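> below are the sequence and a predicted model; questions follow.
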Amino acid sequence: MSLKSRERAVGVSLQHLHKDFADKVALEDVNLEIEPGTFLVLLGPSGSGKTTLLRCLAGIERPTSGEITIGGTVVASARAFVPPERRGLAMVFQDYALWPHLSVRKNVAYPLRTSSRAKSQRDERVDDLLERVGIAHLAERFPNQLSGGEQQRVALARALAADAGLILFDEPLSNLDADRRDQLRVEIATLTRATGATVVYITHDQSEAFALADRVGVLNQGRLVQIDTPEAIYRSPANAFVARFTGVAGEFPVTVVDECGPAHYEVALPFAPDERIEALALERFEPGDSMSLFVRAAGVSLAVTGSAKGTHGTILDVAFTSRGYEHVVSVGEGATLSKVFAPTRFDRGSRVQVCFDASSCFVMDPTKGK
């Protein structure tokens, strides 16, 4: 990151942010500090409050209470409200939001219309951005002549043209096909980081969030329930909601047997009461407590029956992926594990040994975080 990039990036602070819509609470006491230059992804299901939070940052919505600071300037509080055009930010929308009557070149050049740069410098800047996002050959076309992926590239170039210290992304990949989505995700990550700008990006897709983010904030029912690095959220989910939403292969009721090390417990599964599974716990439990075991797909491996210690299972389904095979495995009546990877194929109906890795299994109260 260049010195100029570091100077342009801004910090963002949200203090006790609250937003109501009539009788619905959209955001409840959200506190968030974003360091300059951070790529933050806000992750959550529909209705979790992530879009409302982004719109409050942008100035499209006015918070009911609380305070927002961008780059050291209070832009929303009980006494102040700075309109969107004066917040020094750029935004990329889910539906592209391009000017239909302007060409690609003119759409990208739009943020530069008030720039003090000479026209030749503005033209050079636009040409450079069009080249960087791979649409230089489409410069004279209009939005209705472009595919969805091409339109989103125009929107990205327009956001970068603004030289903003803060760039907001409103689920920009959700309307694209899978191959276009993967390609544009990489371009967003590399191009925005090259500018050094602070980024706030919202999505409901946990794999997208983990691939993009420096830090991930998980929202549920208007509350920010956890914020950390992608690795920390995956390995140490704060509660059952975070574990479920960031991806589990299975969830089973268990009985706590005993503590077997710092933050490690042995548990008994209802379908294999004589076998013991070791798992992590972020809080203390007592022997006999009824909890749930959350299992990440990465924490399960399959072996030929009799070749390893583990729970007996039956393959219900198998799907080929580019890396190998993903299996659905029954480990008891009504208990299944999904997306269990193996480099070799286990046929449907075959019996296997199911082995659990304690580092990817969590004992939790299933009611917390709902």
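Structure received.
> now do the contacts for residue 355.
For residue 355, the contacting residues are 300-303, 308-311, taking Cβ atoms under 8 Å, 6 or more residues apart in numbering as the criterion. No exception for glycine: its C-beta is placed from N, CA and C like everyone else's.
> kindly recompute the last result at 10 Å.
The contact partners of residue 355, taken as Cβ atoms under 10 Å, 6 or more residues apart in numbering, are 277, 299-303, 308-311, 313.
> where does the residue most central in space within the chain fall, secondary structure wise?
Central residue of the chain (Cα atoms, centre = their mean): residue 209, 2.5 Å from the mean position. Taking DSSP states H and E as the definition, one finds residue 209 inside helix 206-212.
> each with direction, which strands does whichever helix or strand comes after that helix pair with?
On the C-terminal side of helix 206-212, the closest following helix or strand by DSSP H and E is strand 215-220. With DSSP bridges as the criterion, the sheet partners recorded for strand 215-220 are strand 39-43 (parallel), strand 223-228 (antiparallel).
> most packed of the ones you listed?
With neighbours taken as mean count of other Cβ atoms under 10 Å, those reach their highest mean count in strand 39-43, at a mean of 24.
> what mean pLDDT does it have?
The average pLDDT within strand 39-43 is 97.
> can you check stretch 249-263 too?
90.
> what packs against the helix holding residue 209?
Applying 3 or more Cβ pairs under 10 Å, 6 or more residues apart in numbering; DSSP states H and E, one finds that helix 206-212 makes contact with strand 39-43, helix 178-195, strand 198-203, strand 215-220, helix 230-235.
> name the element the nearest residue to residue 349 once chain neighbours are set aside belongs to?
With sequence-adjacent residues excluded and distances taken as Cβ to Cβ, 6 or more residues apart in numbering, residue 349 is closest to residue 315, at 6.4 Å. Element membership of residue 315, judged by DSSP H and E, is strand 311-320.
> how close does the residue nearest to the centre of the chain get to residue 39?
10 Å (Cβ to Cβ, to the nearest Å).
> same check, this time on residue 358
31 Å.
> check residue 145 too.
When Cβ to Cβ is the yardstick, residue 145 and residue 39 sit 32 Å from each other.
> what's the answer for residue 140, then?
As for residue 140, its distance to residue 39 is 33 Å (criterion: Cβ to Cβ).
> over to residue 184?
Applying Cβ to Cβ to residue 184 and residue 39 gives a distance of 15 Å.
> domain ranges for this protein?
The chain resolves into domains spanning 3-243, 248-364 when parsed by automatic domain parsing.
> just the ones you listed: most buried one?
Comparing those by mean neighbour count (mean count of other Cβ under 10 Å), domain 3-243 comes out on top with a mean of 18.
> summarise which helices and strands the next helix or strand after the strand holding residue 315 is packed against.
Stepping forward along the backbone from strand 311-320, the first helix or strand reached (DSSP H and E) is strand 325-332. When contacts are defined as 3+ Cβ pairs under 10 Å, 6+ apart, strand 325-332 packs onto strand 250-261, strand 300-304, strand 311-320, strand 335-342, strand 351-356.
> okay, those in JSON lines with distance to residue 327 next?
Output for the helices and strands packed on strand 325-332, formatted as JSON lines (distance: least, Cβ to Cβ, whole Å):
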{"stretch": "strand 250-261", "distance to residue 327": "12"}
{"stretch": "strand 300-304", "distance to residue 327": "7"}
{"stretch": "strand 311-320", "distance to residue 327": "5"}
{"stretch": "strand 335-342", "distance to residue 327": "5"}
{"stretch": "strand 351-356", "distance to residue 327": "8"}
